[in-house]
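# here's a sequence, model it:
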Amino acid sequence: MAAADATARFLDDHREELVRLSLQLFGSLGLTKAAEALEAETGVRLQDEDVTRFKAGVLDGDWAAVAEVLPKVTLADAAQEGTVRYLIAQQRYCELLSAGDHAGALGVLQSEVAPLAPAPEELHALAALLACPDGAALARRRPGWTTPAAGRAALLSTLATYISGAALVPENRLCTLLQQGQAHQRAQCVYWNRRDGRHTLLADCEGSGEDLPRHTNLVLRDHRDEVWDVAFSHNGRQLATGSKDARVVVYDLTEYTASRGDPKVHCQLLSHGGAVVGVRWAPDDRKLLSYSEDHTLKLWDTRTGGLLRTFAEHAEGVLSACWCPDGEHLISSGADRRVIKWHVDGTVVHARSVPRVLDMCVSPDGAMLVTADSQNRLTCYRMDAFGTEGVPDMALRGVVDPTAPHPGLVRSARGAAEEGEPLVWRSQRPDAGPVLWAMEERHYIGSCTFSKCGRYLACAIHVKESRGRAHVYDVRTLSRVQKITDPRQLKYALQPTFGGALHNFIVMGSEDGKVYVAHRETGETLSCLAGHTGTVNAVAWNPQYPEVLASCSDDRTVRVWSTTPTPQHLCTNGHAEPVAHDADMGDGVGA
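Now for the predicted structure:
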């Protein structure tokens, strides 16, 4: 009864808004007659006449009509009327330039644009467009400009954000609300892990442990010693492994079927002279980087298995490496306490002496490099300033903190005040030097990796005489948002990484031979996968097929896990088909 009363109150409170949303939806679906009937029955209009005239004037380029009706349109903030006029004037100016009417454009620039320009630099940039002889030249010089009609449509979308919601329903508002509701339900469903990301509007989002990989489908035994790293290609169709036996094995996961037995070994890469510490796929999957205790990194052609280049500047073993998103540069760290940025042609772009860096990762947008070093510290560098050694003296004036690990950083009060929180230093001049921030934990930080959205970092924390942990940090707030510890783990939490359809899971190996899957938001351990007989050194979640993950172990094997007990073909035209089954596979679900 209470629920029915609440629904009745909601409908009563929002009746007119619901009708307007329905009218907008009917228009989007092409249901013109239904919209007319609803409008006639309720007496509610989607928008008033002034807004209708304003929208038509913008789309038709009738700037006199737009100027006449604009004072009658209710803005969300009346103080923004100058900004609205400025945006309209810019469109007029560009249209005249596109038509070759430079005299008319100059008049608009002087009489309408200049008085409203927010900054001289912006006005100067617009004035420089007068040199464009035609619309094609304007399109090359003006970011986002294509044609007058496209410009008007984009302008109207921008102007809609300044108009009061009571006067103009935001574009696709009902669909936006429904999508937000679905996203909230998915976020609240701790087991959500569906490949297509969809669920019906007619029922609440539901999930269970069966949506997580939990069955061993494949056991790969092509290495002769401990397997230290495993990585799926970005398209999810290949799997690379690196081992203490100095070999890299690349598997093709697209061709095998139930009748062919094991998956195809695409190539074995045998050039290293020491244990392979890690493997990293290039952004386009055409190249693979491996790094080793033999002091080198090697670049391979993944189509032919050919060695493209050897990078040999490190004086000791290479500890970590990562690609820059441009696919043209990579960064490595070694036991020699050097971090080196390379071009793929083998040129050293920059080398920096630092405390021993155990792991590193580049943010998905390529703006930040985060390192985890032997001093229990995470350090974030600006990638565009990584080649600079420090900040200018003038930039440091008044910015002095004797506790800071880098010049120009100042300690955050939050980290200092709260018990158990990491110490945090922030740059007071983020535009002046290479280091944006630093964060120090009380214990050893063994690894770090970014989430796909670039907002979160997952790190392995090694605690002496205690259990291993995975910590999750929000790089926007520079705070620890989750601490994941399972009572069944031993000393180390090995290589935690993000995975799943929404990247909302943390998956990690452990000394006890198990793989643990936890929820990023709650920290709850959702599953424990048993099957390996030695330490699980690394785990990779397939980036395209969230029902699949792979793990590697000191027991010399690689296990591929899936949501179904029967192996499924991963990647042929996006459809699931049967694949080979290994005779000794159990369901892999540990106690």
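# rest of the way, CA atoms for contacts and neighbours
Noted.
# what's around the residue lying closest to Gly500 once chain neighbours are set aside, how many residues?
Leaving aside its chain neighbours, Gly500 sits nearest to Pro546 (4.9 Å; criterion: C-alpha to C-alpha, 6 or more residues apart in numbering). Neighbourhood size, Pro546 [other C-alpha atoms under 10 Å]: 23.
# show me the contacts for Pro546.
By C-alpha atoms under 8 Å, 6 or more residues apart in numbering, the contact set of Pro546 is Asn193, Arg194, Arg195, Gly499, Gly500, Ala501.
# in the stretch 51-200 of the chain, where is pLDDT below threshold?
For the stretch 51-200 of the chain, the stretches with pLDDT under 70 are 197.
# ignore the last one, the stretch 451-591 of the chain
Residues of the stretch 451-591 of the chain that meet the cut-off, pLDDT under 70, sit at 464-468, 486-493, 566-591.
# how far away is the residue most central in space within the chain from Glu521?
Of all residues in the chain, the one closest to the mean position by C-alpha atoms, centre = their mean is Cys453, 2.2 Å from it. According to C-alpha to C-alpha, to the nearest Å, Cys453 stands 15 Å off from Glu521.
# strands along the stretch 151-300 of the chain, start to end?
215-220, 227-232, 238-243, 248-252, 264-269, 276-281, 287-292, 297-301 (DSSP state E, counting those that start in this stretch).
# what's the closest of the ones you listed to Glu171?
strand 227-232 (39.3 Å; C-alpha to C-alpha).
# tell me what angle the closest one forms with strand 248-252.
30 degrees (axes from the mean of the first three to the mean of the last three C-alpha atoms, to 10 degrees).
# tilt between strand 227-232 and strand 276-281?
0 degrees.
# strand 227-232 - contacts with which helices or strands?
strand 238-243, strand 276-281, strand 536-541, strand 548-553 (3 or more C-alpha pairs under 8 Å, 6 or more residues apart in numbering; DSSP states H and E).
# direction included, what does that strand pair up with?
strand 238-243 (antiparallel) (DSSP bridges).
# pick the one among the contacts of Pro546 closest to Ser290.
When the contacts of Pro546 are ranked by distance to Ser290 (C-alpha to C-alpha), Gly499 comes first, at 22.2 Å.
# that closest one: how many residues sit nearby?
Gly499 is flanked by 26 other residues according to other C-alpha under 10 Å.
# my guess is it meets Trp541, correct?
Yes - counting by C-alpha atoms under 8 Å, Trp541 is a contact partner of Gly499 at 5.3 Å.
# list just the nearest of the contacts of Pro546 to Arg559.
Using C-alpha to C-alpha, Gly499 is the member of the contacts of Pro546 that lies nearest Arg559, at 16.5 Å.
# so what sits opposite the closest one in the bridge?
Taking DSSP bridges as the rule, Gly499 bridges to Phe505.
# from Thr522, how far off is it?
Applying C-alpha to C-alpha, the value for Gly499 to Thr522 is 15 Å.
# how about Pro496?
Taking C-alpha to C-alpha as the measure, Pro496 falls 16 Å from Thr522.
# what's the answer for Ala240, then?
As defined by C-alpha to C-alpha, Ala240 lies at a distance of 31 Å from Thr522.
# ok, now Thr158?
Distance from Thr158 to Thr522, by C-alpha to C-alpha: 38 Å.
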